[in-house]
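A.B. asks: Model the following, please.
(one chain, ligands or ions: 1)
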Amino acid sequence: MSTENNSDNLFDNSVKILTDLIGFKTISGEDNSELINYCDKILKQLGATSFRTYDDEKKRVNLFATLKSKNSNNKKPIILSGHTDVVPVSKGWSTNPFEATVKGDKLYGRGSCDMKGFIACALAYAPIYSKSNLDRDIHFSFTFDEETACQGAPILIEELKKRNIKDGICIIGEPTNMKIIDAHKGCYEYTTYFKGLAGHSSAPHKGVNAVEYASKYVNKLIELREKLKERTPKDSIFNPPHSTLSIGGIFGGIAHNVIADKCHVNWETRPVVKEDAIFLNQELDKYANEVLLPEMKKIFPNSSIEKDIIGEIVGFDREEKSEACELISNLTGDNSRQVVSFGTEAGLFQEIGISTVVCGPGSIEQAHKIDEFIVLDELKKCINLLDGIKNNSISN
Ligand SMILES: [Zn+2]
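C.D. replies: Have a look, this model is predicted:
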């Protein structure tokens, strides 16, 4: 940045854009098209080209926009990536969660740190990229429904593959206090539905009790959890070092004296290696299909067990040599590498060969919480990083 004044402008602009972004109520699963239109408009005015991808109902939108390099000797493109959805709000906020409120050195609002802060910085900085003589493309990737098991990003990734955008450096601006995150576990979420046969509780043998079969299924999961511990990789960088498994809820039954004909179980696993997820699902499906289901069908042939995949967020694996991490280290002077326990879209980009790092403003401590905030200084640090990228993307 050439003058102090200029950087002040950038910061003010990032706060203004973040305020606008928080105003769009983009809770996961809901229509985010107004926010996408807003981002697209800013970037198009700067000369960016863009395309959109959608969910089946065309209600939720991913945006991928590009500021083209003005040079022919291209360096690898950079993808600035953020999810546009936010988690729902519970009661107890001291401010309106969908109205940005600055108090002291913090800006409050749902999505302020997770992760509209990063998107705001990228959009505030975009005019500088568009004016600079860049020798690489800068892409902006804004997805829907990351918080519900990354439902949007895979649709975008498919389109990137079709368009042959499989090379580059991707920065996922999830809140890490601008620290470099180079690995996380996968996050696979499922709901398993049990259908049995209702009846009077005084004759349990005449019905198929969905709640009881679901309980057996849950017990199997807990048994398999121990097996996952035995499979801990020797060189695991995670804490805990093994793949985890957790039951999120069991829902079924209508009364004390009625045999429950329906029950469902919400559960998730966080594999340290892909093979653990495959092992777990194979063992579980075998138990459901070869043990539980035949028992259920003996009494009621239309009984069923169905496992729905809510989302399978692939893990983000540490790479010995990562161009993305090296770029950030060179710009910030921070050579540390950390792992986190939350999932991101990073593994999806990594899977198609894009060097990826998770690094963004704000702290995960404030994410998903009542009175979510971002410390304003974090926005300044993020703008500094974006400025470093610009300097790194100009050949003299
Ligand atoms: Zn997030």
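A.B. asks: which residue packs closest to Ser215, ignoring adjacent ones?
C.D. replies: The spatially closest residue to Ser215, leaving aside those adjacent along the chain, is Ile250, at 7.5 Å (CB to CB, 6 or more residues apart in numbering). From N, CA and C alone the C-beta is placed, and that goes for glycine too.
A.B. asks: Just to check, that neighbour is in contact with Glu212?
C.D. replies: No - with contacts counted by CB atoms under 8 Å, Ile250 stays clear of Glu212, the gap being 11.1 Å.
A.B. asks: rewinding a little: what count of nearby residues applies to the residue nearest to Ser215?
C.D. replies: Neighbourhood size, Ile250 [other CB atoms under 10 Å]: 18.
A.B. asks: just Ile165 next, same as before
C.D. replies: Ile165 has 19 neighbours, counted by other CB under 10 Å.
A.B. asks: so where do the strands sit in the stretch 251-396 of the chain?
C.D. replies: Taking DSSP state E, counting those that start in this stretch, the strands of the stretch 251-396 of the chain run over residues 258-259, 262-270, 304-313, 338-340, 355-358, 373-375.
A.B. asks: most packed of those strands?
C.D. replies: Comparing those by mean neighbour count (mean count of other CB atoms under 10 Å), strand 355-358 ranks first with a mean of 27.
A.B. asks: Contacts made by that strand with the rest, please.
C.D. replies: With contacts defined as CB atoms under 8 Å, 6 or more residues apart in numbering, strand 355-358 is touched by 76, 168-172, 174, 176, 180-182, 184, 316, 319, 322-325, 327-328, 340, 344, 346, 349-350.
A.B. asks: how about the residues of the stretch 151-300 of the chain near the ion?
C.D. replies: Counting by CB under 5 Å from the ion, the stretch 151-300 of the chain comes close to the ion at Glu174.
A.B. asks: show me where pLDDT drops low in the stretch 151-300 of the chain?
C.D. replies: In the predicted model, the stretch 151-300 of the chain carries no residue with pLDDT under 70.
A.B. asks: residue in it nearest to the ion?
C.D. replies: Of all residues in the stretch 151-300 of the chain, the one sitting closest to the ion is Glu174 (4.8 Å; CB to the ion).
A.B. asks: isn't that residue right up against Thr344?
C.D. replies: Yes - counting by CB under 8 Å, Glu174 does reach Thr344; the two are 5.2 Å apart.
A.B. asks: Tally up the residues packed near the residue nearest to Lys262 when sequence neighbours are not counted, please.
C.D. replies: Using CB to CB, 6+ apart and skipping residues adjacent in sequence, the residue nearest Lys262 is Ala210, 5.2 Å away. Neighbourhood size, Ala210 [other CB under 10 Å]: 26.
A.B. asks: Check which element follows the helix or strand where Ala122 lies along the chain.
C.D. replies: Counting by DSSP states H and E, the element that carries Ala122 is helix 117-131. The helix or strand immediately downstream of helix 117-131 is strand 138-143, counting by DSSP H and E.
A.B. asks: That following strand vs the ion: in contact?
C.D. replies: No - using CB under 5 Å from the ion, strand 138-143 stays clear of the ion, with a minimum separation of 10.3 Å.
A.B. asks: Next, the angle from that strand to helix 117-131.
C.D. replies: Using axes from the mean of the first three to the mean of the last three CA atoms, to 10 degrees, the direction of strand 138-143 lies 150 degrees away from that of helix 117-131.
A.B. asks: so what strands line up beside strand 138-143?
C.D. replies: Take DSSP bridges as the rule and strand 138-143 pairs in its sheet with strand 61-67 (antiparallel), strand 78-83 (parallel).
A.B. asks: Can you classify the residue of the stretch 101-250 of the chain found nearest the ion as helix, strand or coil?
C.D. replies: Nearest residue of the stretch 101-250 of the chain to the ion (CB to the ion) works out as Asp114 at 4.1 Å. Under DSSP: H, G, I helix; E, B strand; the rest coil, Asp114 falls in the helix class.
A.B. asks: What about it, how many residues nearby?
C.D. replies: Applying other CB under 10 Å, we find 29 residues neighbouring Asp114.
A.B. asks: okay but Glu268 is in contact with Leu245, surely?
C.D. replies: Yes - in this structure, Glu268 is within contact of Leu245 by CB under 8 Å, at 7.4 Å.
A.B. asks: separation between the residue nearest to Lys262 and Gly196?
C.D. replies: 4 Å (CB to CB, to the nearest Å).
A.B. asks: Show me whatever sits in contact with both of the two.
C.D. replies: Ala260, Asp261, Lys262, Cys263.
A.B. asks: what's near enough to touch the last one?
C.D. replies: Right, the one you point to is Cys263. Contact analysis of Cys263 by CB under 8 Å, 6+ apart lists Tyr193, Phe194, Gly196, Ala210, Val211, Tyr213, Ala214, Ile250, Phe251, Gly252, Gly253.
A.B. asks: again with the third one
C.D. replies: Contact criterion CB under 8 Å, 6+ apart gives Tyr193, Phe194, Lys195, Gly196, Ala210, Gly252 as the residues in contact with Lys262.
A.B. asks: Give me the nearest residue to the third one, chain neighbours excluded.
C.D. replies: Right, the one you point to is Lys195. That would be Ser304: by CB to CB, 6+ apart, it lies 4.6 Å from Lys195.
A.B. asks: for that neighbour, what are its contacts?
C.D. replies: Going by CB under 8 Å, 6+ apart, Ser304 touches Tyr193, Phe194, Lys195, Leu293.
A.B. asks: Can you give me the pLDDT of the residue nearest to the last one when sequence neighbours are not counted?
C.D. replies: In space, not counting the residues next to it along the chain, Leu293 is nearest to Ile305; the distance is 5.5 Å by CB to CB, 6+ apart. Ile305 is assigned a predicted lDDT (pLDDT) of 98.
A.B. asks: Quickly list what Ile305 is bridged to.
C.D. replies: For Ile305, the beta-bridge partners are Phe194 (DSSP bridges).
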